[in-house]
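Q: Quick check, what structure comes out for this input:
(one chain, ligands or ions: 1)
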Amino acid sequence: TEETLVLVKPDGVARGLTGAILARIEAKGYALVDIRLVEPERATLEQHYAEHEGKPFYEPLLEFMLSGPSVAIRLAGNRVIEGFRSLAGTTDPTTAAPGTIRGDFGRDWGLAVQQNLVHGSDSPESAARELAIWF
Ligand code: ATP
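A: Sure thing, here's the model as predicted:
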């Protein structure tokens, strides 16, 4: 088994989609090991998004992530890192496949690629690093 960090980002929480997203995660059979509502400090987000520092979307992304609480989930399951990213869909909800979280719930508007509802770690190394930041 494997663990990953999933975040329901501020847009997902504000739109009342936490339950719908959790339902998909649970239907897949993944185990909720830990879950909490978090209002992160800026320093936490700087750590989490360190790889994007300096990119044009970095500052707006941090501001968005500071705009309200997120739900942080420690999720366990067989190949859950790859599996959750498949459940989430591609980064930009505008073109994410139907049947994925981003494809079904992401709004087609200017900020869709930023406000894409969820985060999931992209490798075992990222998962270990990110779980230590959020839990
Ligand atoms: P995540 O890591 O959050 O699961 P991802 O791996 O699909 O998403 P990354 O490329 O790691 O995407 O980008 C991290 C986050 O930064 C994205 O989820 C999105 O919120 C934001 N982001 C990425 N690219 C852009 C962009 N071009 N414009 C605005 N925001 C962006």
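Q: Verify the contact between Pro10 and Leu62 for me.
A: No - judged on C-beta atoms under 8 Å, Pro10 makes no contact with Leu62 at a distance of 11.5 Å. Glycine gets a C-beta too; all of them are placed from N, C-alpha and C.
Q: and for the two, which residues touch both?
A: Shared contacts of Pro10 and Leu62, defined by C-beta atoms under 8 Å, 6 or more residues apart in numbering, are absent.
Q: for the ligand, what are the nearby residues on this protein?
A: 57, 61, 91, 113-114, 116, 119-120, 122 (C-beta under 6 Å from any ligand atom).
Q: Going by distance to Gly103, which of these wins?
A: Within the residues of the chain next to the ligand, proximity to Gly103 (C-beta to C-beta) peaks at Asn116, which comes in at 10.3 Å.
Q: Please name the residues that touch Arg15.
A: Arg15 sits next to Phe105 when contact means C-beta under 8 Å, 6+ apart.
Q: if I look at it, how far off is Ala31?
A: Note on Arg15: its distance to Ala31, by C-beta to C-beta, to the nearest Å, is 25 Å.
Q: Helix, strand, or coil at the residue most central in space within the chain?
A: For the chain, the residue nearest the mean C-alpha position is His119 (1.7 Å; C-alpha atoms, centre = their mean). Counting by DSSP: H, G, I helix; E, B strand; the rest coil, the backbone at His119 sits in strand.
Q: Tell me how far it lies from Lys9.
A: Going from His119 to Lys9 by C-beta to C-beta gives 6 Å.
Q: likewise Pro93?
A: Applying C-beta to C-beta, the value for Pro93 to Lys9 is 12 Å.
Q: got any residues that touch both of the two?
A: Shared contacts of Pro93 and Lys9 (C-beta under 8 Å, 6+ apart): 116-117.
Q: where exactly do the helices run in the protein?
A: Ranges of helices in the chain, per DSSP state H, are 10-14, 18-27, 42-48, 58-65, 80-88, 101-105, 124-134.
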